[in-house]
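A.B. asks: What follows is a predicted protein model with its sequence.
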Amino acid sequence: MLAIGIIPARYASTRLPGKPLIDLGGQTMIQRVVRQAQQANLQRVVVATDDERILDHVRGFGGEAVLTSPDHPSGTDRVRDAYEQLGIAADCVVNIQGDEPFIHPDQINALLDLFTNPATQIGTLVKPVVSEDELLSPHLPKVVLDGQGRALYFSRHPLPYQRQYPQSEWLAQHRYLRHIGLYAYRPAVLRALTQLPPSPLELAESLEQLRWLEAGYSIQTAETALETIGIDTPEDVERALRFLRS
């Protein structure tokens with residue numbers, strides 16, 4: 001199976017400008033993401049950026065990068081642009097978040113394993129919720145699955161709502177899952193997804209994957225117990241540096 005990893009990386013960030021080039025213990029964030037992804041079962045790892053500073057930096061440390069349009073509304077659109085520039089026919093394309101410097105190769109490989117089933121259109125990861133803070137945080141989307149591990153719905157609210165128990169007991173009564181934002185797609189599905197208009201559920205929850213579900217696409221999940229550390233604020237940078245020192 002030919003699998004391509006693409007890492008969308010924008011320079012502009014409201015809370016952390018120049019985020020991909022931030023130094024994390026002697027390597028930039030984007031360099032760490034690339035090095036982690038290169039350890040997975042991917043044939044190529046490519047950074048998709050809208051900024052020549054990132055492009056030059058990635059090429060400078062020996063990575064592969066392509067320049068994409070600055071007008072893309074989402075990372076998914078940037079991934080499609082980069083994939084089409086590569087001019088190759090892959091079996092699946094993995095969208096690896098550019099602000100996840102500690103993404104584990106096993107997490108990427110778990111997604112790739114989903115594509116041994118020809119029926120898989122989109123793959124993503126889920127992780128068990130282990131604390132009430134996680135359960136109630138709107139910044140950590142939750143997901144409910146069918147009996148075959150396909151996503152039924154994603155929400156920033158804990159789902160299911162357990163009417164018969166107080167909220168403090170929900171985690172003890174049900175196995176909740178949160179969503180880890182790593183995706184893989186069949187190339188034809190990726191192209192189709194980028195042509196869909198925003199949907200009502202997506203706009204309500206601000207979760208792009210709801211657009212895909214509303215359009216009838218199937219999202220297969222794989223479970224991971226591994227934690228990730230996303231970088232979105234200066235406080236996240238400090239947390240990552242503490243992790244590196246530990």
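C.D. replies: Arrived safely.

A.B. asks: which strand of this protein spans the most residues?
C.D. replies: Secondary structure of the chain per DSSP state E: the longest strand is strand 177-185.

A.B. asks: Let's test this: mean pLDDT of the next helix-or-strand element following that strand, rounded?
C.D. replies: Next helix or strand after strand 177-185 toward the C-terminus (DSSP states H and E): helix 187-193. Average pLDDT, helix 187-193: 97.

A.B. asks: Quick one: residues in contact with helix 187-193.
C.D. replies: Identification of contacts with helix 187-193 by C-beta atoms under 8 Å, 6 or more residues apart in numbering yields 76, 79-80, 83, 89-90, 92-93, 121-122, 185, 211-212, 215, 217. C-beta coordinates here come from the backbone N, C-alpha and C atoms, glycine included.

A.B. asks: got a list of what the residue of the chain positioned farthest from its centre touches?
C.D. replies: Farthest-out residue of the chain from its mean C-alpha position, per C-alpha atoms, centre = their mean: residue 164, at 34.0 Å. Taking C-beta under 8 Å, 6+ apart, we find residue 164 in contact with no residue.

A.B. asks: Helix, strand or coil: sort out it for me.
C.D. replies: Per DSSP: H, G, I helix; E, B strand; the rest coil, the secondary structure class of residue 164 is coil.

A.B. asks: where along the protein do the strands fall?
C.D. replies: With strands called from DSSP E, the chain shows them at 3-9, 23-24, 27-28, 44-49, 64-67, 92-95, 122-128, 142-145, 151-155, 177-185, 219-223.

A.B. asks: Tell me the gap between the first one and the middle of its chain.
C.D. replies: Yep, that's strand 3-9 we're talking about. Strand 3-9 has its average C-alpha position 10 Å from the chain's average C-alpha position, going by C-alpha atoms, centre = their mean, to the nearest Å.

A.B. asks: Mind listing the strands that strand pairs with, and their directions?
C.D. replies: Strand 3-9 has the following strand partners under DSSP bridges: strand 44-49 (parallel), strand 92-95 (parallel).

A.B. asks: Let me know whether residue 109 touches residue 41 as I believe.
C.D. replies: Yes: in terms of C-beta atoms under 8 Å, residue 109 counts as a neighbour of residue 41; the distance is 5.3 Å.

A.B. asks: Who has more neighbours out of those two?
C.D. replies: residue 109 (16 against 12; other C-beta atoms under 10 Å).

A.B. asks: Let me know the distance separating that one from residue 37.
C.D. replies: 11 Å (C-beta to C-beta, to the nearest Å).
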